[in-house]
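Visitor: Quick one, what's the 3D model for this:
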Amino acid sequence: MISIAEKDRNALHFLWVKNPLEESSYYTVLSFTRVVFEVSSSPFLLNATVHYHLTFNLELQKASLRKLLRSFYVDDVITGANTAKEAFSLSTESKELMRKGGFNLCKFNANDPALQERISLNEGTCTAPEADETYAQMALKKVQTKLRGERKVMGLIWNVDNDEIVHDLRNVVDTVTEVGETKRQIVSLTGRFLDPIGSLHLLSLH
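Guide: Got it, this is the predicted structure:
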């Protein structure tokens with residue numbers, strides 16, 4: 001949780017029923033003391049706090065720290081390594097760096113089963129991959145469903161067994177059979193699947 005400076009808490013007032021069990025209970029005015037998710041400024045505040053924490057530790061000059069600075073999207077880290085040894089070191093060092101700022105970096109995913117098991121053992125009681133929803137996943141609305149061996153990465157499906165990005169277009173295909181073939185409806189369908197790296201958008205509609 002990210003604390004809000006006391007002087008800024010007046011901007012985050014909300015009403016709360018003093019006693020919800022009493023019909024004549026009155027309202028009281030409270031203020032949030034922690035950053036609230038799902039308000040317009042939430043992604044910026046989280047990113048700014050993480051960036052400040054990491055740059056504050058720049059004197060360490062660790063390769064993992066520099067990689068983290070380039071790899072965060074809100075509360076998800078998307079990165080990789082050339083070897084299993086390097087990846088394990090990256091996971092432990094990045095977790096320790098974030099722990100110093102009060103963040104619990106966990107739910108690591110890898111396409112190497114032995115590495116994944118080693119990281120999971122090192123994590124101990126940390127939440128298993130995909131058990132909880134991150135802010136990034138919540139913002140991306142989980143537009144695709146995953147199967148065995150698949151993990152969500154920025155709204156896309158990553159098959160860790162085959163090391164492939166999977167596009168599940170079944171919902172789009174089902175919708176095609178229900179709608180007409182007007183330009184408006186076709187363009188509308190293109191917005192139903194997430195394609196941030198442009199692997200599906202090979203054609204332009206004129």
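
Visitor: Need the contact partners of the longest helix seen in the chain.
Guide: Ordering each helix of the chain by length in residues (DSSP state H) puts helix 84-100 first. Applying CB atoms under 8 Å, 6 or more residues apart in numbering, the contact partners of helix 84-100 are 50, 53-54, 57, 60, 62, 64-65, 67-68, 77, 79-81, 104-106, 108, 110, 112, 114-115, 118-119, 122. No exception for glycine: its C-beta is placed from N, CA and C like everyone else's.

Visitor: let's see 7 Å
Guide: Outside of helix 84-100, the residues within contact range by CB atoms under 7 Å, 6 or more residues apart in numbering are 57, 62, 64-65, 67-68, 77, 81, 105, 108, 110, 112, 114-115, 118-119, 122.

Visitor: Mind checking which of the residues you listed are in helices?
Guide: 64-65, 67-68, 114-115, 118-119, 122.

Visitor: Any of the contacts of helix 84-100 buried? List them.
Guide: 62, 64-65, 67-68, 77, 81, 105, 108, 110, 112, 115, 118-119 (16 or more other CB atoms under 10 Å).

Visitor: quick check: domain ranges of this protein?
Guide: Here the chain is described, according to automatic domain parsing, as comprising the domains 1-34, 42-123, 139-190.

Visitor: Just the CA atoms of stretch 173-184, as CSV, please.
Guide: The C-alpha coordinates for stretch 173-184 follow below in CSV (Å, rounded to 0.1, in the frame of the first residue of the first chain):
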residue,chain,number,x,y,z
VAL,A,173,-15.7,-15.7,-34.3
ASP,A,174,-18.9,-16.3,-32.3
THR,A,175,-19.8,-12.7,-32.6
VAL,A,176,-19.1,-12.6,-36.4
THR,A,177,-21.9,-15.1,-36.9
GLU,A,178,-24.4,-12.9,-35.0
VAL,A,179,-23.8,-9.5,-36.6
GLY,A,180,-24.0,-8.2,-40.2
GLU,A,181,-21.2,-7.3,-42.5
THR,A,182,-21.4,-3.5,-42.4
LYS,A,183,-18.1,-1.5,-42.1
ARG,A,184,-19.2,-0.2,-38.7
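
Visitor: And the average pLDDT for it is what?
Guide: Taken as a whole, stretch 173-184 has a mean pLDDT of 72.

Visitor: what residues does it touch?
Guide: Here stretch 173-184 has contacts from 185, 189, 192, using CB under 7 Å, 6+ apart.

Visitor: List the contacts of the most far-flung residue of the chain relative to its centre.
Guide: Of all residues in the chain, Ser24 has its C-alpha farthest from the mean position, at 42.1 Å, by CA atoms, centre = their mean. Counting by CB under 7 Å, 6+ apart, Ser24 makes contact with nothing.

Visitor: Good, we can wrap up now.
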